[in-house]
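K.L.:
okay, sequence plus prediction incoming.
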There are 4 protein chains.
Amino acid sequence: MTSDLETPTVRAVRERVAALHSELVRYGLVVWTGGNVSERVPGEDLFVIKPSGVDYDDLTPENMILCTLDGEVVPGSHGSDRSPSSDTAAHAYVYREMPEVGGVVHTHSTYATAWAARAEPIPCVITAMADEFGGDIPVGPFAIIGDDSIGRGIVATLSGHRSRAVLMQNHGVFTIGRDARDAVKAAVMAEDVARTVHIAKQGGPLVPIPAEAIDRLFDRYQNVYGQSPEGSA
Amino acid sequence: MTSDLETPTVRAVRERVAALHSELVRYGLVVWTGGNVSERVPGEDLFVIKPSGVDYDDLTPENMILCTLDGEVVPGSHGSDRSPSSDTAAHAYVYREMPEVGGVVHTHSTYATAWAARAEPIPCVITAMADEFGGDIPVGPFAIIGDDSIGRGIVATLSGHRSRAVLMQNHGVFTIGRDARDAVKAAVMAEDVARTVHIAKQGGPLVPIPAEAIDRLFDRYQNVYGQSPEGSA
Amino acid sequence: MTSDLETPTVRAVRERVAALHSELVRYGLVVWTGGNVSERVPGEDLFVIKPSGVDYDDLTPENMILCTLDGEVVPGSHGSDRSPSSDTAAHAYVYREMPEVGGVVHTHSTYATAWAARAEPIPCVITAMADEFGGDIPVGPFAIIGDDSIGRGIVATLSGHRSRAVLMQNHGVFTIGRDARDAVKAAVMAEDVARTVHIAKQGGPLVPIPAEAIDRLFDRYQNVYGQSPEGSA
Amino acid sequence: MTSDLETPTVRAVRERVAALHSELVRYGLVVWTGGNVSERVPGEDLFVIKPSGVDYDDLTPENMILCTLDGEVVPGSHGSDRSPSSDTAAHAYVYREMPEVGGVVHTHSTYATAWAARAEPIPCVITAMADEFGGDIPVGPFAIIGDDSIGRGIVATLSGHRSRAVLMQNHGVFTIGRDARDAVKAAVMAEDVARTVHIAKQGGPLVPIPAEAIDRLFDRYQNVYGQSPEGSA
């Protein structure tokens, strides 16, 4: 049965998802076994996500877990003897409700989570933030694990919002993207701006960026720069 | 005589304890030769601990030190020509008084020690802290090296408490676990939440988590998630 | 056509520019594909700069991009099928207007950008800053991408100023040097002093350094120390 | 002539000094070519120090520089074609005036320098600081390079003081030890406590340690622990 499930497309998603977890480690966004990356399988009602409680050093394409959009492990697939990430239901909810989303990332990265512990949005005072998020990074509701409430909070906050990142109150950050790599980039940038703006604010009053300039920066960055649709530098 | 002491069980504990010290380095919890990990030898009144004043690069299973629950080096065992960690008496006290504890870790990790220098418990304002510690991380008494006072302070503070971490006033953090790996995880998570909550608090008022939600998170995390009893992500 | 453009001099600049990007990573000045280094080709109206949106791990001499001083990619040169850094126009403006400048670096390094988000110059309160920058690190205007306004802001702020670093308001830091390595050193030192002075200021009032001592330190460091014109330690 | 100078003892000092510089990098105490380590040649009026302005990656026993206690390079010795560290005069002054000192280290490590920029001693509020420094880390005078004033400030501040570290106002930290390794350890521990106490103080009032307890901790640590006179953990 496994052979039917493990198409070249699924295999490629497993490889990307396994490899992208190392970016969370590289940028210091996670400790121990915390954090997770998932990616939708193109053209299928499936996604691939990290197993629960496995060391980052031990993640491989084979132990990534293939799930349906209801968050159920696909029986007989590689790794299906393990439990998927405890955040699987939240990822699944996002894939069901936001068809344009191809990747989801969740971390408890330090500075983003610090803003979340105050339920305070991150104000857009640096141009890189205007480029990447098009304005403030918003706060989603307090919601605990066990039903769809985390997923609902993510979708309610990000639908129609420019930001690909949401600070879930008292919890951490979720990011979305057109694929897993894009969502990982958003997670990296969200922590970077959370840190920079926190430090800036500790030193005194912040200088705002005019809304019109934020609009121009966001528009240009999303549409003009980079070798690909992905973006810049 | 060594051959009698060095059973396969003792050997396995030596290997785990030596290897787990590298996690303290990986997560930046220690500098120079500071910090120490120990583990109880299952089924014996013995534990294995780091030698005193040896570089992290030079730790091996062979130079870990086998001690009795009185904190005495077992004569003739590997490494018995060296002194054990200067915190050995505190570890021994915990193993004597808390039979459910299989591993103990001590560090002076930066943020946990900063809370300890103010004798201030870390408030539970992030869900990862509710998961892992079930509430605040408490402060133990000021106690200096030289008798059982550190061990007594740890045991008095943690007995009957959900937290596996205690901030010893003006000193650093001790964590306990069902084995050494579990205690190391607690040390990593204690520093992670100490850092996140410190940074959150610098930015303004923290949003508390309702006690009922903390209870539900702790219960679920301890009993439901992960591939094993150990936990999540 | 490529063979005519790719002289040994151009090749050497490509190698230096590609390699120097790893210093930005080593010192934690950049995340993802952010930041860029360029160097003027000695004796030519050309410079070499990083491509846009390429991973740091994938930078090679061959994919660096050769540009004219108008910021146009030289047709037929190696890498000319890619877009240069989105900051190319700013680098080009500096090379056109400041003939003594041989290297330019741009980053959004955390602490320098934090000062920039408050439009606050970094005061010269440590001797290493007097050595390297000869006084405060100044703030340049708010200017967004799309025309020469960033380049003009850099040149207007740094012309006749001792500092080789400018904090562009709400944006990040640009540094200049006699070559790319010198500009990278300035970027590393700018972040180092931005961090140290931020932390110092959080703890209470700073002790100023007398202007006369700043002058003596700057003069000595620029003229006496090191194995080469480059400097000290 | 070189062969007469390069005794096995000198060779051993060169190797130790070159290797110990990597500890400054490992613990993040230095950037670029900043910072320096020296060690007295036992039984000779000589010491070995880092060359000026050389990359940390390029330090070798051969390019370390042999100096007299007047701070002059020994003609004909290995590396004597290079300039020694710009702080050589300060190291030499310490070796001349403090015969018990066998090693000296200087860095601009972030947190220690931040306290120095406020001319504020680091209060002894953590037991590791009592162990290592026996009380507060003191501040030395503002003194700039060019004569013996830095050396005089170090010696005046540390003579008869328990601390092996001094914060030179607006400058950085110097540490001394019985050999270079001991001075490097003091530099690592000085930054560690500077960071921890800074962070602690940002969060609210610090709890002092009674003077009597500081005395007992210092006495015990200096005389009892470790495998050697060096110390603990």
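P.N.:
That came through fine. None of these values were measured; they are calculated from a predicted model.
K.L.:
and the helices in chain A?
P.N.:
Under the criterion DSSP state H, chain A contains helices at A:2-5, A:8-26, A:88-97, A:110-117, A:127-133, A:149-158, A:180-202, A:211-223.
K.L.:
pLDDT value on the closest residue to residue A:55 other than its chain neighbours, please?
P.N.:
Spatial nearest neighbour of residue A:55, chain neighbours left out: residue A:33 (6.2 Å); criterion: CB to CB, 6 or more residues apart in numbering or on different chains. Any C-beta I mention is one placed from the backbone N, CA and C, and that applies to glycine too. Looking at residue A:33, its pLDDT reads 96.
K.L.:
picking up where we left off before, of all the helices of chain A, which one is nearest chain D?
P.N.:
helix A:180-202 (8.8 Å; CB to the nearest CB).
K.L.:
got the angle for that closest one vs helix C:180-202?
P.N.:
50 degrees (axes from the mean of the first three to the mean of the last three CA atoms, to 10 degrees).
K.L.:
is chain C within reach of helix A:180-202?
P.N.:
Yes: applying CB under 8 Å from any CB of the partner chain, one finds helix A:180-202 in contact with chain C at A:185, A:188, A:189, A:192, A:195, A:196, A:197, A:199, A:200, A:202.
K.L.:
just those that are near chain B?
P.N.:
Among the residues of helix A:180-202 next to chain C, the ones lying close to chain B by the criterion of CB under 8 Å from any CB are residue A:202.
K.L.:
and residue A:42, how many neighbours?
P.N.:
Here the number of neighbours of residue A:42 (other CB atoms under 10 Å in any protein chain shown) works out to 12.
K.L.:
what's the nearest residue to it if we skip its chain neighbours?
P.N.:
Nearest non-adjacent residue to residue A:42 (CB to CB, 6+ apart): residue A:9, at 6.2 Å.
K.L.:
over to residue A:162?
P.N.:
residue A:134 (3.1 Å).
K.L.:
looking at it, that neighbour is touching residue A:223, isn't it?
P.N.:
No: shown here, residue A:134 and residue A:223 do not form a contact pair, counting by CB atoms under 8 Å, at 11.9 Å.
K.L.:
related to what we said a few turns ago, just send the helices of chain A back as a markdown table, with mean pLDDT too.
P.N.:
Converted to a markdown table, these look like this (pLDDT from 0 to 100):
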| stretch | mean pLDDT |
| --- | --- |
| helix A:2-5 | 61 |
| helix A:8-26 | 98 |
| helix A:88-97 | 98 |
| helix A:110-117 | 98 |
| helix A:127-133 | 97 |
| helix A:149-158 | 98 |
| helix A:180-202 | 98 |
| helix A:211-223 | 92 |
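K.L.:
what's the local residue count around the residue nearest to residue A:42?
P.N.:
When neighbours are counted by other CB under 10 Å, residue A:9 registers 13.
K.L.:
that one and residue A:51, how far apart?
P.N.:
20 Å (CB to CB, to the nearest Å).
K.L.:
what of residue A:24?
P.N.:
Shown here: residue A:24 relative to residue A:51, a distance of 15 Å by CB to CB.
K.L.:
same question for residue A:105.
P.N.:
From residue A:105 to residue A:51 the distance is 16 Å (CB to CB).
K.L.:
ok, residue A:172 next?
P.N.:
Applying CB to CB to residue A:172 and residue A:51 gives a distance of 19 Å.
K.L.:
just residue A:144 next, same as before
P.N.:
22 Å.
K.L.:
swap in residue A:82?
P.N.:
Taken as CB to CB, the span from residue A:82 to residue A:51 is 4 Å.
K.L.:
quick one: which of these two has more around it?
P.N.:
Comparing residue A:82 with residue A:51 by neighbour count (other CB under 10 Å), the higher total belongs to residue A:51, at 23 against 17.
K.L.:
the more buried one: what's it in contact with?
P.N.:
The neighbourhood of residue A:51, defined by CB atoms under 8 Å, 6 or more residues apart in numbering or on different chains, consists of A:59, A:63, A:64, A:65, A:79, A:82, A:83, A:84, A:85, B:227.
K.L.:
now list the buried members of those.
P.N.:
Among the contacts of residue A:51, the ones that count as buried by 16 or more other CB atoms under 10 Å in any protein chain shown are A:59, A:63, A:64, A:65, A:79, A:82, A:83, A:84, A:85.
K.L.:
now the third one. Its backbone dihedrals?
P.N.:
Just to be clear, that refers to residue A:64. phi -70, psi 160 (degrees, to the nearest 10).
K.L.:
tell me the pLDDT of it.
P.N.:
With respect to pLDDT, residue A:64 scores 98.
K.L.:
again, but for the first one
P.N.:
Residue A:59 carries a pLDDT score of 97 in this model.
K.L.:
that one: what's it in contact with?
P.N.:
Applying CB under 8 Å, 6+ apart to residue A:59 gives the contacts A:18, A:21, A:50, A:51.
K.L.:
please repeat the previous calculation with a cut-off of 7 Å.
P.N.:
A:18, A:21, A:50 (CB atoms under 7 Å, 6 or more residues apart in numbering or on different chains).
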